[in-house]
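Engineer: Just a sequence and a predicted model for now, questions to come.
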Amino acid sequence: MILLRDFSIALALACRLMMILFLFVPRYSKRFTLTVALGILVPIAIVNQMLFMGTGTQMYMSLLPFIFPLPTHIVLFFLAKKRDCRYIFSNCIIDSVVFEIINVTKILEYYIPGEYIFIFLSRLILLPLITYIVYKKIRKPYIHIQQRTDRGWLLFTVIAVIFNVSMSLMMSYPTPIEERPESMLVTFLFFILIPLGYYHILNTLSQEIRIHELHEQEALMAVQMSSITDRIKEYREADERSRIERHDQRHKMQTIAALIEQEKYTELHALVLDYIKSFPKMTVRKYCQNAVIDAALSTYIHKAERKGIMVTAELDFPETFPAPPPELAMVFANALENAIHACEVLDAEDRKIRIKVMQNPNFMFKISNRYNGVITLNDNGIPTNSKEGHGYGVRSIIAFCEKYDAYYHFSIKEKVFSLTVGM
């Protein structure tokens, strides 16, 4: 029985570590994170198991928060990308799940004395099952929640900490729960409350994200409609200019013929040059074969030019895109909107935006602009100053890159701000 008890605790610690890593958003590469995490935490788990075998259940359970969860939190904190309440909340959820299973089975042991095999089998089934559910069903949506919302985590973390502290107190204070059978019912009700509370928290966060994504979709549609409307207007204006030019063409040809007959070649040369110069006005610049991306680029490039900003564009778009063109168009729109905001306050000679798009070896684009003032990058390399227009747009770009596993990089050099995205 002692062997089964020791194995069940070891299983609980292993499942806890795996679930934490499943919900973990690392700052570094997966290989480096796993190497450091397992290299430090596995020995800690082994030491914990030895302490459990040496001190006994009661003493070990009272020391457990300090000898395993706390070291785990410290190690993973330095490896985490989100070093805020999101990180603490994630760990608290896993602690609650694992310790609830341990405590519930421990209480069952009180009602089934001498039958530890039942407790062992319960943990042997429940712990791997919960770990599997976390990996298959919860991991992706929960990581998506962490990446997409910054609000509400402080309150939810406080609730999670209270859950864990309350669970520890109910199981051990003022005496172990086995010595207080009158408290068993309240304890079981509390154990039902914990998963319901977490379900409500996660559901609230999911709804907030859905609302946020709806707002983003509305903004995307507004940009698309505005871009397409401007593009249609541009085509109509070009068509109207072409119609007028066709109407005047007969008169110009008659004039040219008359100048030739009269051998007035100087006047003829001037007239032909003037005629040639009118051709660009009748054409519409096309930036991309995809209508949505072309409309977005056209709208913001023309907007920049109307503000006296010189736009240099080197565009080599692929036939197919690694992400939906409407969402990619939104990235271009946000990046160019930020660049325009930064440039329009500069002197005329400094108003410059450069766009470079390449499809080989991978689809990648870079948008650079000059700026004035101060822009700083945080520890994650993300702009923290929203005065230059880098606020909502930057968050939207990062969300797009995280959604499609794209590379992004912000850089600042000699008063030039650059955004690079690769897919």
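Structural biologist: That came through, no problem.
Engineer: pLDDT weak spots in the stretch 201-350 of the chain?
Structural biologist: Low-confidence segments of the stretch 201-350 of the chain (pLDDT under 70): 212-213, 216-248, 250-251, 278-284.
Engineer: Tell me how far the helix or strand harbouring Glu402 lies from the chain's centre.
Structural biologist: Here Glu402, judged by DSSP states H and E, is contained in helix 392-403. Here the centre of helix 392-403 is set off from its chain's centre by 6 Å, with C-alpha atoms, centre = their mean, to the nearest Å.
Engineer: Return the set of buried residues in it.
Structural biologist: Applying a neighbour-count criterion of 16 or more other C-beta atoms under 10 Å, one finds 393-402 buried in helix 392-403. Placement of C-beta: from N, CA and C, glycine included.
Engineer: from those residues, which is closest to Leu273?
Structural biologist: Distance to Leu273, by C-beta to C-beta, is smallest for Gly393 among these, at 43.8 Å.
Engineer: For the nearest residue in space to the closest one that is not next to it in sequence, give its distance to Ser396.
Structural biologist: Sequence neighbours aside, Asn334 is the residue nearest to Gly393 in space, at 3.5 Å (criterion: C-beta to C-beta, 6 or more residues apart in numbering). According to C-beta to C-beta, to the nearest Å, Asn334 stands 5 Å off from Ser396.
Engineer: and what of Ser166?
Structural biologist: As defined by C-beta to C-beta, Ser166 lies at a distance of 39 Å from Ser396.
Engineer: Please apply the same query to Glu182.
Structural biologist: Glu182 sits at a distance of 56 Å from Ser396 (criterion: C-beta to C-beta).
Engineer: all helices of this protein, in order?
Structural biologist: Along the chain, the segments classed as helices by DSSP state H run 2-22, 30-55, 57-67, 69-79, 85-111, 116-133, 139-148, 153-172, 184-261, 265-277, 279-282, 291-306, 325-343, 392-403.
Engineer: Could I get these in JSON lines, plus columns for distance to Ser411?
Structural biologist: Formatted as JSON lines, the helices of the chain follow (distance: least, C-beta to C-beta, whole Å):
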{"stretch": "helix 2-22", "distance to Ser411": "31"}
{"stretch": "helix 30-55", "distance to Ser411": "23"}
{"stretch": "helix 57-67", "distance to Ser411": "43"}
{"stretch": "helix 69-79", "distance to Ser411": "25"}
{"stretch": "helix 85-111", "distance to Ser411": "26"}
{"stretch": "helix 116-133", "distance to Ser411": "40"}
{"stretch": "helix 139-148", "distance to Ser411": "22"}
{"stretch": "helix 153-172", "distance to Ser411": "29"}
{"stretch": "helix 184-261", "distance to Ser411": "25"}
{"stretch": "helix 265-277", "distance to Ser411": "40"}
{"stretch": "helix 279-282", "distance to Ser411": "35"}
{"stretch": "helix 291-306", "distance to Ser411": "21"}
{"stretch": "helix 325-343", "distance to Ser411": "13"}
{"stretch": "helix 392-403", "distance to Ser411": "13"}
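Engineer: Relative to Phe417, which of the ones you listed is closest?
Structural biologist: Nearest to Phe417 among the helices of the chain is helix 325-343; the distance by C-beta to C-beta comes to 6.5 Å.
Engineer: now for that closest one, which elements pack on it?
Structural biologist: Applying 3 or more C-beta pairs under 8 Å, 6 or more residues apart in numbering; DSSP states H and E, we find helix 325-343 packed against helix 184-261, helix 291-306, strand 352-358, strand 364-370, helix 392-403, strand 416-422.
Engineer: okay if I get the ones you listed as JSON lines plus distance to Phe7?
Structural biologist: Below are those laid out as JSON lines (distance: least, C-beta to C-beta, whole Å):
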{"stretch": "helix 184-261", "distance to Phe7": "23"}
{"stretch": "helix 291-306", "distance to Phe7": "58"}
{"stretch": "strand 352-358", "distance to Phe7": "56"}
{"stretch": "strand 364-370", "distance to Phe7": "51"}
{"stretch": "helix 392-403", "distance to Phe7": "39"}
{"stretch": "strand 416-422", "distance to Phe7": "47"}
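Engineer: and of the ones you listed, who's closest to Phe78?
Structural biologist: Nearest of the helices and strands packed on helix 325-343 to Phe78, taken as C-beta to C-beta: helix 392-403 at 21.4 Å.
Engineer: what residues does the closest one touch?
Structural biologist: With C-beta atoms under 8 Å, 6 or more residues apart in numbering as the test, helix 392-403 has contacts from 144, 147-148, 216, 323, 327-328, 330-331, 334-335, 337-338, 382-383, 406-408, 410, 419, 421.
Engineer: For it, give the mean pLDDT please.
Structural biologist: Average pLDDT, helix 392-403: 82.
Engineer: So that it lines up with my notes, have the first residue be 10 from now on.
Structural biologist: Yes, from this point I'll number from 10; that puts the last item at helix 401-412.
Engineer: that older thread, list only those of the contacts of helix 401-412 flagged as buried.
Structural biologist: By 16+ other C-beta under 10 Å, the contacts of helix 401-412 give 153, 156-157, 225, 332, 336-337, 339-340, 343-344, 346-347, 392, 415, 417, 419, 428, 430 as buried.
Engineer: low-confidence ranges in the stretch 60-209 of the chain?
Structural biologist: Looking at the stretch 60-209 of the chain by pLDDT under 70, you get 61, 65-67, 69-75, 77, 122-125.
Engineer: can you put the buried residues of helix 401-412 in a markdown table and add distance to Ile121?
Structural biologist: Shown next, in a markdown table, are these (distance: C-beta to C-beta, whole Å):
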| residue | distance to Ile121 |
| --- | --- |
| Gly402 | 60 |
| Val403 | 57 |
| Arg404 | 53 |
| Ser405 | 55 |
| Ile406 | 57 |
| Ile407 | 52 |
| Ala408 | 50 |
| Phe409 | 54 |
| Cys410 | 53 |
| Glu411 | 48 |
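Engineer: quick check, nearest of those to Leu164?
Structural biologist: Arg404 (21.0 Å).
Engineer: Name the nearest residue to Ile376, ignoring sequence neighbours.
Structural biologist: Leaving aside its sequence neighbours, Ile376 sits nearest to Ala344 (C-beta to C-beta, 6+ apart; 4.6 Å).
Engineer: For that neighbour, list the residues it contacts.
Structural biologist: By C-beta under 8 Å, 6+ apart, the contact list for Ala344 reads 376, 402, 406, 428.
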